[in-house]
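> got a predicted model here, sequence first, then my questions.
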Amino acid sequence: MATKLGTGDQFPALTFNLIDGSSITLPDDLEASYTVFLIYRGHW
C-alpha cells in the first residue's frame, strides 16, 4: 500500500507519456521550485 508524503518528504520521480509522443518526468523536468501538476482523468 502506498504511503502519503509528509512535510519535507521528497516527491517520488514519476514519468508520464504525453499525447505528442514525448514524456515528462516529475519533478526532474520542472523549472520552478513550486508547481501544480493537474491530471484530469475523464470518464467517457
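That came through, no problem. Computed from a predicted structure; not experimentally measured.

> which ones are touching the residue positioned nearest the centre of the chain?
The residue lying closest to the centre of the chain (Cα atoms, centre = their mean) is residue 26, at 4.6 Å. The contact partners of residue 26, by Cβ atoms under 8 Å, 6 or more residues apart in numbering, come to 11, 13, 14, 15, 16, 37. Glycine gets a C-beta too; all of them are placed from N, C-alpha and C.

> and it, bridged to which residues?
Assessed by DSSP bridges, residue 26 has beta-bridge partners residue 14.

> list only buried entries from the contacts of residue 26.
Neighbour counting with 16 or more other Cβ atoms under 10 Å marks none of these as buried.

> with pLDDT and distance to residue 4 added, can I get the residues you listed in CSV?
Below are the contacts of residue 26 laid out as CSV (pLDDT from 0 to 100; distance: Cβ to Cβ, whole Å):
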residue, pLDDT, distance to residue 4
11, 77, 12
13, 87, 17
14, 88, 15
15, 93, 21
16, 89, 21
37, 71, 17
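
> of the residues you listed, closest to residue 3?
Using Cβ to Cβ, residue 11 is the member of those that lies nearest residue 3, at 13.0 Å.

> tell me how many other residues crowd residue 20.
6 (other Cβ atoms under 10 Å).

> just the element for it, please.
Residue 20 belongs to no helix or strand when assigned by DSSP states H and E.

> tell me how far it lies from residue 41.
Residue 20 is 19 Å from residue 41, where distance means Cβ to Cβ, to the nearest Å.

> that older thread, now tabulate the contacts of residue 26 in JSON lines and tack on distance to residue 5.
Converted to JSON lines, the contacts of residue 26 look like this (distance: Cβ to Cβ, whole Å):
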{"residue": "11", "distance to residue 5": "7"}
{"residue": "13", "distance to residue 5": "13"}
{"residue": "14", "distance to residue 5": "12"}
{"residue": "15", "distance to residue 5": "18"}
{"residue": "16", "distance to residue 5": "18"}
{"residue": "37", "distance to residue 5": "14"}
